[in-house]
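J.: Turn this into a structure:
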Amino acid sequence: MNYATSRQYRRIVGRLSKGESVVSSLERLCKRENIRAGVIQGVGLLGRVELQSYSTEGTYQNTLEADGTFELLALTGNISTLGGQTIVNCYAHLGTHHLGQFHAFGGRLYEGVALTVEFQIEAYDDLVLERRLDARLGLPVLNRVETTVGESSTDHAPVQARPEPAPKPEPKPAPKPEPEPKPEPKPEPKPEPKPEPKPEPKPAPKPEPKPEPKPRATAFSSDGNASARTTNAPPQIVRRPTRPPEPKPEPKPAPKPEPKPAPKPESKPKTTWADAIDFSSKKTEEKRLAVKPPALIKPSAPAIEDWPEMPDIKAGDFLRHPHFGTCKVLKVEEDDFVRVRMRGGKVVDIKLEVCELTRGEDRDGQRLFNCTIVRR
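T.: Purely as a prediction, here's the structure:
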């Protein structure tokens, strides 16, 4: 087994447009970015594919060449070198619909034309992946997998070590001054023994304070009115003397309407024979003289209201009507009607008995009359 560990890598993410060759485009990208070792992943759609498979003869042979629309379910591969040349080795897993069924197949991607392919390249700048031809298999296999030391990601030139700075001379410590001789301590007098204090009696434990009641937010007085109150003291009930309810006055019965006395029939004077003879003699005298009583004479009819005189309107004048707008007079039939033409060309007759005409300002040298509808 031959392996190496990479600690210096970079990722390149991109997309191939329609008509671009997958393998050739990835090889050009690796040469441009100076990628000599890495892995490739991708998905997308292919329009034309050429797949190969390993045969028993030890070579790769074409197994599929087709045009159409193929789903690139997975694209995997790696990047290495062979004789100083960058090689892109890719394998594709494809899928397509045929006769109402979905078929999946795969192999080594010799070449493919992209409809759209999204790819990701992870380049190892501190690795060397070198191939050589295996005579037994007939394939170029990885022969050298090593980690480059002191090489960059672009030119892979060895990194020169920086010269170490010369060690600085350590400063010599300054000589310490000699300590002065300390005076001999005088013997201290021994303290007299103090009498031991008597143990004080322990104080009785204090009773724990009771927890204060929580403040109340609201309370109600005895008369029913709500009052806001917040206090820590326990609530005190205040009883006020309540007034006895006043007796409600008993409703008085509504007075019954007194029955109105029926109107007494007017007493007609009694007709005597003398009155009848007198009335008949008066009727006979009226007929003889043919004189009508003043009550039968009808009152005279009221006088006829005077109407204002009609202005002198003639054909060619303009008439401003409240409903028809400004119209041109075509014909005047005395005091009966006036025939006019509206702006749209429609001809109508206007009765003069329901109109009141007044003279207005002239319009382009023509007389203008204002028409007002009245009820008479």
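J.: domain assignment for the protein?
T.: 9-147, 318-373 (automatic domain parsing).
J.: Mean neighbour count, those: which tops it?
T.: domain 9-147 (a mean of 16; mean count of other Cβ atoms under 10 Å). C-betas here are computed from N, CA, C, even on glycine.
J.: average pLDDT across that domain?
T.: The average pLDDT within domain 9-147 is 92.
J.: quick revisit: out of the domains of the chain, which is closest to residue 311?
T.: domain 318-373 (5.2 Å; Cβ to Cβ).
J.: ok so, going back, now the domains of the chain in TSV, please, with extra columns for distance to residue 281.
T.: What follows is those, written out as TSV (distance: least, Cβ to Cβ, whole Å):
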stretch	distance to residue 281
domain 9-147	133
domain 318-373	57
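J.: For residue 347, see how far away residue 339 is.
T.: Per Cβ to Cβ, to the nearest Å, residue 339 is found 6 Å from residue 347.
J.: Mind listing the shared neighbours of those two?
T.: residue 330 (Cβ atoms under 8 Å, 6 or more residues apart in numbering).
J.: now residue 108: how far from residue 119?
T.: Taking Cβ to Cβ, one finds residue 108 at 17 Å from residue 119.
J.: I meant residue 261, not that one.
T.: Counting by Cβ to Cβ, the gap from residue 261 to residue 119 is 122 Å.
J.: Please apply the same query to residue 14.
T.: Distance of residue 14 to residue 119, computed by Cβ to Cβ: 6 Å.
J.: Same check on residue 248?
T.: 99 Å.
J.: Excluding sequence neighbours, find me the nearest residue to residue 148.
T.: In space, and not counting its chain neighbours, residue 148 is closest to residue 126: 5.4 Å by Cβ to Cβ, 6 or more residues apart in numbering.
J.: Might one say that residue 329 is in contact with residue 315?
T.: Yes: between residue 329 and residue 315 there is a contact under Cβ atoms under 8 Å: 5.5 Å.
J.: got a list of contacts for stretch 97-104?
T.: 73, 93-96.
J.: Grab the two from those that are most spread out in space.
T.: Among these, 93 and 96 lie farthest apart (Cβ to Cβ), at 11.8 Å.
J.: Residue 343 against residue 325, yeah?
T.: Yes: between residue 343 and residue 325 there is a contact under Cβ under 8 Å: 6.4 Å.
J.: Quick one: the helices in the stretch 251-376 of the chain, in order.
T.: 273-289 (DSSP state H, counting those that start in this stretch).
J.: So, low pLDDT: which residues of it?
T.: The stretch 251-376 of the chain contains residues with pLDDT under 70 at 263-271, 273, 276, 287-310, 335, 375-376.
J.: what about the strands in it?
T.: 318-321, 325-333, 337-341, 347-351, 355-359, 368-373 (DSSP state E, counting those that start in this stretch).
J.: orientation of the third one relative to strand 347-351 in degrees?
T.: Put plainly, it is strand 337-341. 150 degrees (axes from the mean of the first three to the mean of the last three Cα atoms, to 10 degrees).
J.: Check what contacts strand 337-341 and list those residues.
T.: Residues outside strand 337-341 that contact it (Cβ under 8 Å, 6+ apart) are 313, 319, 321, 324, 327-333, 347-352.
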